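Asks: predicted model follows, preceded by the sequence.
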Amino acid sequence: MAKREQADVAAKMARIRALVTDVDGAVTDGSLYFGAEGESLKVFHVHDSVGVQLARAAGWPVAVITARNTPMTAQWAAELNVERLFQGARSKIPCLEQFAGEFGVQLDEIAYLGDDIWDLAAMEQVGLSAAPADALVPVRQKVDLVLELGGGAGALRELIDRILECQGRTRAVWDAWYATNGVADTAGFLGPGEEETGPKIGFRRCG
């Protein structure tokens, strides 16, 4: 994709009011770790965690929909106050529809991050579908947006940042996040695009 988001993707980003993400391969790198007692362990990236906080500061309800069922995912979602967690979801469309109805958003106002064929049917229903850089080829071929970062390496945060920047809301959402976290003076912090200092890693302007 060119430096500026393609016009059709930018238009889809402008409508986003809610966020849905898969877990394995989306907010983790897809690796499955098992302890000596058979417990399942996962590694989550702090950038994605802050990204979820930013999404909530933007007023977006957030849902996590995953085919697996693990305590680690439940703990991660609970720590971030994610509005809805659907685990053991063999079909993700009913979860997606329940989430949309409960929070009063249209399906075309939802952004969805997924990486594998489990996600394709649900991603076809939403307004903006996105995949990490290392998602499966059939997924990358079908989504609206292939991100620069991989699953578990900040892909969800990249998606959130790009939508907020495209909506022109980065500064306001950062301020809301700072206030929530007890940072009163943000005068020294600049949002993307507020100061032209040359290329910035991880951001593309939308047009």
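Replies: Sure, I can see it. None of these values were measured; they are calculated from a predicted model.

Asks: okay, now the unreliable bits of the protein?
Replies: For the chain, applying pLDDT under 70 flags the ranges 1-5, 38-39, 184-207.

Asks: is it fair to say Gly182 lies in a strand?
Replies: No: secondary structure assignment places Gly182 outside any strand; it is coil (DSSP: H, G, I helix; E, B strand; the rest coil).

Asks: so what does the residue nearest the centre of the chain have for phi and psi?
Replies: When the chain is reduced to its mean C-alpha position, the nearest residue by Cα atoms, centre = their mean turns out to be Leu156, at 3.6 Å. Main-chain torsions, Leu156, degrees, to the nearest 10: phi -60, psi -40.

Asks: quick one: it and Ala74, what's the gap?
Replies: Shown here: Leu156 relative to Ala74, a distance of 17 Å by Cβ to Cβ, to the nearest Å. Quick note: C-beta positions are derived from backbone N, CA and C, even for glycine.

Asks: test my guess that the residue nearest to the centre of the chain contacts Phe44.
Replies: No: checked against Cβ atoms under 8 Å, the pair Leu156 and Phe44 is beyond contact range at 9.7 Å.

Asks: ranges for the strands of this structure?
Replies: Listed in chain order, the strands of the chain (DSSP state E) span 18-21, 33-34, 40-41, 62-65, 84-86, 110-113, 128-131, 145-146.
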